[in-house]
Structures are given as C-alpha cells and as structure tokens.
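1. I would like the atomic coordinates for the input below:
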Amino acid sequence: MAVDAPGRIIAGKYELVSPAGEGGMAVVWKALARGAGSFQRPVAIKRIQHAKHADPSFVRMFEEEARVGSELHHPNVVQILDFGMDEEGGYYLVMEWIEGLDMFQWVRSFPKGLRETPWPLVAAIGIEVCRALAAAHERVDARGQIVPVYHRDVSPSNVLLGVSGVVKLTDFGLARAMDRASMTRPNVIKGKLAYCAPELISGAKPSSQSDLFALGVVLWEALAQKRLFTGKNDLEVLLAVRKGDVPKLSELRPDVPYSLALAVHTALETHPDARFENAKSMARALAAVLRAEAEHADAEPLGASVRAARVRLGKDAPEGAPQPVLEVPTPKLGAPALTPVSEPSAQEISLTELEAVETPAVLPAESASMSVEKAPNKTVPGSPAVLSPAPRGLWQSDDRSVAEPLPLVKKK
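-> Sure, this is the predicted structure:
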C-alpha cells in the first residue's frame, strides 16, 4: 500500500498538502479538494494509521465516526463532507478545514505568569462548545426520535478556534451513539484520562453530564493555565480524577467573576446530578456571566485573539513583518530545562485493577498491571517537537515567547 505523503492524490480529487495532526487511530492531513476547471478548496482528510488499517475494530470506529458526524449538522460541529475508500482500499474521511488553532495551542500562547488568558473569551468558547454538545446530545434520527450522541473525548485539542472567530468541536471518533451497540469492551475507559468524568471510572455509562464534566476541565485549565488532574502515570491520573480535588478558581484567578468560577465548578461536581442538567443550561449560565459583566466577546475579538496567538506561536508573521523566530530562554543556573509538551493522547484503560487499588500518598509507577493502549502524542506542524517525556498533565509554564499585548476584549 502506498504511503501517504504531500502531493498524493486520494480518490482522484483530494491532494494531500501537509500533516496537521496525529493521534492513536488516525492522521489528519490538510488537503485540497480539486474539481472542474480551477476549482479548489482546503479540506481536512483523516486517514487510519498505516499500522491500524487492517484492524477491524479501528475500521468500525472510523465508519462510526463518519456515520455519526454526517448526521450532526450544526455551526459549532466540524462538518463531514465525504467518506470513502481510495484505489487501494484505504479509508478516508473528508472534513471542513478550520484555519486557526486548537484550544490547547491557544492557551499555550499565553505564558503563565506573564500573560493571562482573557476570561471573557474562555467563557465565549465554552458557550459555543455547549451549543455543539447540545446538538449532539439532542440528535434526532430520521424517525424524529431523539437519539443522543455522547462525545466522550471533549478536550482542548478537539476544540478548534478559527481566525474568523468560529468555534468548532471535532473528533467524534470515540463518540457513543445511543442507536448503536457499544464498541467499548466492558470495564474499559476510552479517551484522554485527565478529562474523564469520575463516574466513568466507576463503570457508569457516558452521559450528557460526563461530557459537561470534560468541558469543565477544559475551561478550568484554560483559566488556571495549568493541568487540573495530574499524575506520574495513568493510574495516578485516574485516581486524581476520582478523588475530585478542584482548586478554587477564585484563588488562582482573582479577576475571574464569581459567577464564571461557579459555572465551571458546577460542571466539575463529582456527582453527575450536581452538575448542569444539560448543555443548554450550562450555555445559559456562561452567557449570563458575559451579560452581567457587559463584556464584548463575540467572533470578532476571539478571531483577533486567535490571529495574535498564531503570531506568538510563530505560525504567522505580524502584518508587514518577517516571520518571527521564537527564542527559547536560557535556563537559570539550577533551573530545569524547558520541555515542550503536547496534550495527553487518548487512552484505553481497564478498570479491573483500578478498583482494587488503595490510594497511597505516593503511588509507584508499577503498582498495578493495567490494560492501556497508548497512542502517540499529537503533533502539529510548526509546533515545538516533544524533546523528552513530560510529566502527565503539566502545561509548559516557562514559555517566554511573548508578543506585545493586544487589547483583545473591550467593554461595551
């Protein structure tokens, strides 16, 4: 089978341009859809990893992602445009291309201690993701019946922020559609462990509230500019989630309104019944914060923030200026070297041994034998390479690559 590379034509009309991201199951390419005459448009093409294309379970998940995605029509959900097989029998999934950043990259463009993430924009992003989740949770089938889809992998890298200010939820590869039998083995968790709801660790089924918990983690981390649930290994991360200790945002970000902190902490309640009833309720709570504070946080300031973040990350040059070269500061004597990090990748972990483990003060890495299928870290062209394994769940907190502050949010 031919190896995907820039310039390869898929199915006679999709030209691969460059890799845009990589996970445990698939690689996403930026591509051009070519048509009659001079027609062309950028698209994203998802391809199963070469080593996985013969695995029936991965193929079924890929097919399910295409089916579920094609039935979700909403402005805040990345749209599926095509699904098929190439000349050699390899599957491809064509999606709309969002020029911008994912939320993980956007947050990293605000170096902790030097530049805070604008809380009105974080709240605005949360509203848009809630709308995407509401569309999935309230999906209606051809018979007019509500058949929910639970995302199960809401995380910073799956929230796309466009240079136009659009917010899109992507990657329904682990989604659980309630009109199909589960594809996950009993007592197995799939997804990024640091964004997994506590009840899933106890064997509960995914729900609207488990997706909202994951969104709560995303918003908390965006405001605090650090990981919420961390650990030296997968088991420690899961135990941290189950323990449910969430530092108060009011102490970490005094500038954040109490009502916004309350909304985020409500989504992070350990018991699902204590969280928001549904995604629309959470969206209303976040919108009320912006109204009460008279903050202007629509597509225009968000798009400006994304464009500025791309400049700070070295992906774009400032208008009228040469492409910037990011300088890595020399660590002070005795200080640890900088370790560029990427968001944790999706995992598949068995709960059998987890249930029998006591929670010690310090948990050795080999304290339990777990069934974990590790996926490669997601890498994005233009971002720093992963130089060495970083502790799970740590934001890079010593990035000094800062552009001049921009007035991204204005009062009405």
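
2. I'd assumed His151 was in contact with Asp211.
-> Yes: between Asp211 and His151 there is a contact under C-beta atoms under 8 Å: 5.2 Å. (Each C-beta comes from the backbone N, C-alpha and C, glycine too.)

3. now for those two: what residues contact both?
-> Leu133, Ala136 (C-beta atoms under 8 Å, 6 or more residues apart in numbering).

4. poorly predicted segments of the stretch 251-400 of the chain, please.
-> 319-400 (pLDDT under 70).

5. dump the residue contacts of the closest residue to Tyr14 other than its chain neighbours.
-> Spatial nearest neighbour of Tyr14, chain neighbours left out: Ala31 (5.0 Å); criterion: C-beta to C-beta, 6 or more residues apart in numbering. Ala31 is in contact with Ile10, Tyr14, Glu15, Leu16, Val17, Pro42, Val43, Ala44, Ile45, Val94, counting by C-beta under 8 Å, 6+ apart.

6. which of those residues sits closest to Ala123?
-> Ala44 (27.2 Å; C-beta to C-beta).

7. surely that closest one forms part of a strand?
-> Yes: membership of Ala44 in a strand is supported by DSSP: H, G, I helix; E, B strand; the rest coil.

8. what number of residues lie near it?
-> 20 (other C-beta atoms under 10 Å).

9. same check, this time on Pro120
-> Neighbours around Pro120, by other C-beta under 10 Å: 25.

10. surely it and Leu290 touch.
-> Yes: Pro120 is within contact range of Leu290, at 6.2 Å (criterion: C-beta under 8 Å).

11. among the contacts of Ala31, which two are most distant?
-> Ile10 and Pro42 (14.2 Å).

12. so between those two, which is more surrounded?
-> Using other C-beta under 10 Å, the more surrounded residue of Ile10 and Pro42 is Ile10, with 23 against 13.

13. any idea how far Pro6 is from Asp94?
-> Not quite, residue 94 is Val, not Asp. 17 Å (C-beta to C-beta, to the nearest Å).

14. can I get the longest helix along the chain in PDB, CA atoms only?
-> As assigned by DSSP state H, the longest helix anywhere in the chain is helix 119-137. Provided in PDB are the C-alpha atoms of helix 119-137 (Å, rounded to 0.1, in the frame of the first residue of the first chain):
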ATOM      1  CA  TRP A 119     -11.700  35.100  30.700                       C
ATOM      2  CA  PRO A 120     -14.500  36.600  28.600                       C
ATOM      3  CA  LEU A 121     -13.100  34.700  25.600                       C
ATOM      4  CA  VAL A 122     -12.800  31.500  27.600                       C
ATOM      5  CA  ALA A 123     -16.500  31.900  28.600                       C
ATOM      6  CA  ALA A 124     -17.500  32.600  25.000                       C
ATOM      7  CA  ILE A 125     -15.600  29.500  23.800                       C
ATOM      8  CA  GLY A 126     -17.400  27.500  26.500                       C
ATOM      9  CA  ILE A 127     -20.800  28.700  25.200                       C
ATOM     10  CA  GLU A 128     -20.000  27.600  21.700                       C
ATOM     11  CA  VAL A 129     -18.900  24.200  22.800                       C
ATOM     12  CA  CYS A 130     -22.000  23.800  24.900                       C
ATOM     13  CA  ARG A 131     -24.100  24.500  21.700                       C
ATOM     14  CA  ALA A 132     -22.100  21.800  19.900                       C
ATOM     15  CA  LEU A 133     -22.700  19.300  22.700                       C
ATOM     16  CA  ALA A 134     -26.400  20.200  22.900                       C
ATOM     17  CA  ALA A 135     -26.700  19.400  19.200                       C
ATOM     18  CA  ALA A 136     -25.100  16.000  19.700                       C
ATOM     19  CA  HIS A 137     -27.000  15.200  22.900                       C
END
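
15. so what's Arg275 up against?
-> Gln209, Leu212, Phe213, Gly216, Thr266, Ala267, Leu268, Glu269.

16. how is this structure divided into domains?
-> Structural domains assigned to the chain are 9-96, 100-318+342-383, following automatic domain parsing.

17. which of those domains sits most buried?
-> For these, the largest average neighbour count (mean count of other C-beta atoms under 10 Å) is found in domain 100-318+342-383, namely a mean of 19.

18. list the contacts of the residue nearest to Ile98 when sequence neighbours are not counted.
-> Spatial nearest neighbour of Ile98, chain neighbours left out: Leu160 (4.4 Å); criterion: C-beta to C-beta, 6+ apart. Contacts for Leu160 (C-beta under 8 Å, 6+ apart) come out as Val78, Ile98, Gly100, Leu101, Asp102, Met103, Val167, Lys168, Leu169, Thr170.

19. can you rerun that using 7 Å?
-> Taking C-beta atoms under 7 Å, 6 or more residues apart in numbering, we find Leu160 in contact with Val78, Ile98, Gly100, Asp102, Lys168, Thr170.

20. next one: Val217
-> Contacts of Val217 by C-beta under 7 Å, 6+ apart are Ala194, Tyr195, Leu228, Leu268.

21. how far away is it from Arg284?
-> For Val217, the distance to Arg284 - C-beta to C-beta - is 20 Å.

22. likewise for Glu63?
-> For Glu63, the distance to Arg284 - C-beta to C-beta - is 36 Å.

23. and for Val17?
-> When Val17 is compared with Arg284 (using C-beta to C-beta), they lie 40 Å apart.

24. which residues in the stretch 201-350 of the chain form strands?
-> 295-296, 347-350 (DSSP state E, counting those that start in this stretch).

25. parallel or antiparallel, list what pairs with the first one.
-> What it means is strand 295-296. strand 410-411 (antiparallel) (DSSP bridges).

26. and Pro111, helix, strand or coil?
-> coil.

27. report pLDDT for it.
-> pLDDT, Pro111: 91.

28. measure Trp220 to Val246 for me?
-> 7 Å.

29. which neighbours do these two share?
-> Leu228, Leu268.

30. tell me what the residue lying closest to Lys13 once chain neighbours are set aside is bridged to.
-> Spatially, and ignoring its direct neighbours in sequence, Lys13 is nearest to Arg34 (5.4 Å; C-beta to C-beta, 6+ apart). With DSSP bridges as the criterion, Arg34 is bridged to Gln40.
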